[in-house]
Structures are given as C-alpha cells and as structure tokens.
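K.L.:
whatever this is, show me its structure:
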Amino acid sequence: MRQWAIKKITENPRKIKVNKVYKNDEILKMGDNEYLLRIDFMKKSGSSAKINGNEIHLMISDSLPEEVKNKHISCLISKIIASKKLSQLKEKIDELNKKYFNKKINKIFFKNHKSKWGSCSSNNNINISTRLLFAPEPVMDYVCIHELAHLVEKNHSGKFWNLVEKAMPDYKDKIKWLRDNGDNCNF
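P.N.:
Residues are numbered from 1 along each chain as shown. This is a model prediction of the structure:
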C-alpha cells in the first residue's frame, strides 16, 4: 500500500488549474486502468491518500475551502498513481533506451507538468508528465522515445527527428493524438 500526504499546496492556489471535480465512489479511468475513488472529509490539518490495488482512498481536510479541497484531491490522485506506476515507467524507458539509444540515464521521474509532456535535463534526468497516465500506451512510448532521443541530440534538429523516426516510424500519429486529446489528459 502506497501513501501520500500534503499539508498545503505551496503554489499560488489561483494558478493551479483543476479541470475536474472528483466524487466519492467514482470510477477513474486512466489508460487501460480503472480506480475506485473513496473520498472522506475529515477533521485534520492536512490531506493524505493511500492506494491498495485499484482503490484510492483520499482523506481530505474538511477545514479547507472547496477550491483547495479539489486541488488537494487532484494533486494526491496524480502523486499516488504516479508512485504506483513509476517502476513500470522506469522499466519502459530502460527497455526503449537499450533497444534504440544505449545512453546513460541518470534518474527517471513522473512530474506534474501542465505545459509539456516530458523533458530531458542536461544531467540526463528524464521527466514524464503525469498527464500521460491518461494516454494510450503507444503515446506514452512516443514521449519516452522523444525524451530518450534528447540524450543524443539536445535540440529538435533534423537529426533529432530522424532518431525518433528510426525508433518509432509512426511517431507523427502519436503527436496528432496528443494534439487532439491532450486537453482531456488532466487531473
């Protein structure tokens, strides 16, 4: 069983966009997975979550304003699902790296990126947006390949896109999926 807790959201609450209001006993569909949400509002100072199998139990502070409660819920769902899926992400990236690039990777993270799907740092850290947890597996594969290609080419030159195409000839279909469906991939 995995657990997460937050005492407060450190970002400016007006800047945190919440696209969805979650309800108790709702089924959350993410890619090929479904999760049952259990949401309890409790007299406590912070909010926390735990996941057991495909059930997510959120314990949200009842003293928070409604807007902040929804932000706690979105943030906790994102973090708990990402923690559950991180080992699969690492395995996927390692396999794709061995197959196509064979470069050194420092660390792999899920990040709560709102404006990008992934990134590759100068330290060879690969970050994948938690929003991709809503996407089909081949789309997640594309973003992983895209970021792995940055281990070779740190830009978006023709050489970079040739690397991506060599690893995934139909990558443009995945880009189209992200353009067409990306707005629906939010917590």
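K.L.:
assumed Lys92 was part of a helix.
P.N.:
Yes - if the criterion is DSSP: H, G, I helix; E, B strand; the rest coil, then Lys92 is within a helix.
K.L.:
number of residues surrounding the closest residue to it other than its chain neighbours?
P.N.:
Closest residue in space to Lys92, ignoring its immediate chain neighbours: Cys144 at 6.0 Å, by CB to CB, 6 or more residues apart in numbering. Backbone N, C-alpha and C define where each C-beta goes, glycine included. By other CB atoms under 10 Å, the residues close to Cys144 number 25.
K.L.:
what's the answer for Glu67, then?
P.N.:
Neighbours of Glu67 under the rule other CB under 10 Å: 12.
K.L.:
tell me how far the helix or strand hosting it is from the chain's mean position?
P.N.:
Counting by DSSP states H and E, the element that carries Glu67 is helix 66-96. Helix 66-96 sits 5 Å away from the centroid of its parent chain (CA atoms, centre = their mean, to the nearest Å).
K.L.:
ok, back up a step: hmm, the residue nearest to Lys92 is touching Ala135, no?
P.N.:
No - Cys144 is beyond contact range of Ala135, at 11.3 Å (criterion: CB atoms under 8 Å).
K.L.:
reduced to three states, what does the residue nearest to Lys92 come out as?
P.N.:
Here Cys144 is helix, with the state taken from three-state DSSP.
K.L.:
report the contact partners of it.
P.N.:
Residues in contact with Cys144 (CB atoms under 8 Å, 6 or more residues apart in numbering) are Leu89, Lys92, Ile93, Leu96, Gly118, Ile126, Ile128.
K.L.:
repeat that for Asn127.
P.N.:
When contacts are counted by CB under 8 Å, 6+ apart, Asn127 is found next to Ile108, Phe109, Phe110, Lys111, His113, Gly118, Ser119, Cys120, Ser121, Glu147.
K.L.:
this completes my enquiry, with thanks.
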